[in-house]
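S.K.: got a sequence here, can you build the structure:
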Amino acid sequence: MESVFSMAAITFWALCAAGIAWYASEVAKDVTYVTLADGRRQERSIPMVFKMLLPFVGNLDRLVSRPMFAKQVETADWMLVAAGFEGLLSGREFVALKILCPIVLGAAWTILIALLGAALPDSPFSSGFVPISLLGIALFYLQPMMWLRGALKKRHLAIMKALPFVLDILTLSVEAGMDFISALQRNCQSRKLDALNEELLRMTKEIQVGSSRKEALRNMAERVRQSDLRSVAFALIQADELGVSIGAILRIQSEQLRSRRFDRAEKLAHEAPTKMLGPLMLCIFPAVFIILLGPVLSQAMKGML
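M.R.: Sure, this is the predicted structure:
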């Protein structure tokens, strides 16, 4: 009788694993896109776990709509927009994913730890079942926000790297006689579609549909919230209000950005020796110790035997 129950349990878990594998393979085929300001679609990759759980986030809509989640939804909304995922994920969906990840993945993790503990009674999976399970659930809860912060940091870094070059192009175009909006449009058409180009494209579309240049610049600064781009936007807004030459402001901002970039590079270079100290202590010193003292210890062990 016991063997029948064992076979039934094995069959059940095998069917569950096969169903999850089939569902994951189907979800992996889906390609996720965001729609840009000019109507083009740009591919955006999100974690496989998000793709698998997105069909179920609607069940938590009433929960995440409560006032206790309002701050989290607002924060997630602006971070998703700044990271370039507007239209692909909403703040409510993201908060729902934060709730679903520890529940679904945490349950799978707990079952896996329990099975390993039963199969290996003397292993840490058996003696430390509760702390290992709680640690996994905590990591699954933190993973969505860690992913979003990483995506936002990556996009901000791409904007920071591209901005000085774009400002140089805009400066040359404006000083050659083009107006600022025409120079922006020419830049968007000639350069590859990167993070900065997407934001500039959206800004020009806002101006074309009736927004003032000052309003479009302010919207871009608040939407992206990248320090270098924000300083450039506010400098252009101030130049607009005071009637200062746009070309002169662009040249000054370009020089300042390059100076800041050089300062950041110097700071990272000074931090490199400190960051290398950990790997040096953990990897290189033990290796040198083994190479130098290995033969001596080997001879000593042979003498003792």
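S.K.: OK, contacts around residue 19?
M.R.: By C-beta atoms under 8 Å, 6 or more residues apart in numbering, no residues touch residue 19. Bear in mind the C-beta positions are built from the backbone N, C-alpha and C, glycine included.
S.K.: can you pull the pLDDT of it?
M.R.: pLDDT for residue 19: 76.
S.K.: helices along the chain, start to end?
M.R.: Secondary structure of the chain (DSSP state H): helices located at 2-28, 48-53, 61-64, 70-82, 91-100, 106-119, 124-127, 129-175, 180-190, 195-208, 213-224, 227-242, 246-279, 285-304.
S.K.: give me whichever of those helices is most buried.
M.R.: Across the helices of the chain, the average number of neighbours (mean count of other C-beta atoms under 10 Å) peaks for helix 91-100, which reaches a mean of 22.
S.K.: hmm, who's touching that helix?
M.R.: For helix 91-100, the surrounding residues in contact (C-beta under 8 Å, 6+ apart) are 50, 53-54, 56-57, 60-61, 63-65, 69, 72-77, 80, 141, 144-145, 148.
S.K.: hmm, try it at 10 Å
M.R.: Here helix 91-100 makes contact (C-beta atoms under 10 Å, 6 or more residues apart in numbering) with 46-47, 49-50, 52-54, 56-61, 63-65, 69-70, 72-81, 85, 89-90, 106, 140-145, 147-148.
S.K.: run the chain-centre distance for that helix.
M.R.: Helix 91-100 has its C-alpha centroid displaced from the chain centroid by 16 Å (C-alpha atoms, centre = their mean, to the nearest Å).
S.K.: that helix vs helix 70-82, what angle?
M.R.: Angle between the axes of helix 91-100 and helix 70-82 is 110 degrees (criterion: axes from the mean of the first three to the mean of the last three C-alpha atoms, to 10 degrees).
S.K.: by how many degrees do helix 91-100 and helix 106-119 diverge?
M.R.: Helix 91-100 runs at 20 degrees relative to helix 106-119, counting by the same axes, to 10 degrees.
S.K.: confidence score at residue 32?
M.R.: pLDDT, residue 32: 77.
S.K.: again, but for the one 5 residues further on
M.R.: Residue 37 carries a pLDDT value of 75.
S.K.: now do the same contact list for residue 229.
M.R.: Residues in contact with residue 229 (C-beta under 10 Å, 6+ apart) are 156, 159-160, 162-163, 196, 199-200, 217, 220-221, 223, 257.
S.K.: any idea how far residue 135 is from it?
M.R.: Distance of residue 229 to residue 135, given as C-beta to C-beta, to the nearest Å: 38 Å.
S.K.: residue 225: neighbouring residues, count only.
M.R.: Residue 225: 15 surrounding residues under other C-beta atoms under 10 Å.
S.K.: where does the protein have low pLDDT?
M.R.: 1-6, 9-10, 13, 23, 28, 120, 122-128, 280-282, 284-305 (pLDDT under 70).
S.K.: the domain parsing of it - what is it?
M.R.: For the chain, automatic domain parsing gives the domain ranges 12-154, 158-261.
S.K.: contacting residues for the residue nearest the centre of the chain?
M.R.: Centroid-nearest residue in the chain: residue 151, 1.8 Å away (criterion: C-alpha atoms, centre = their mean). Neighbouring residues of residue 151 by C-beta under 10 Å, 6+ apart: 44, 45, 46, 79, 80, 82, 83, 84, 85.
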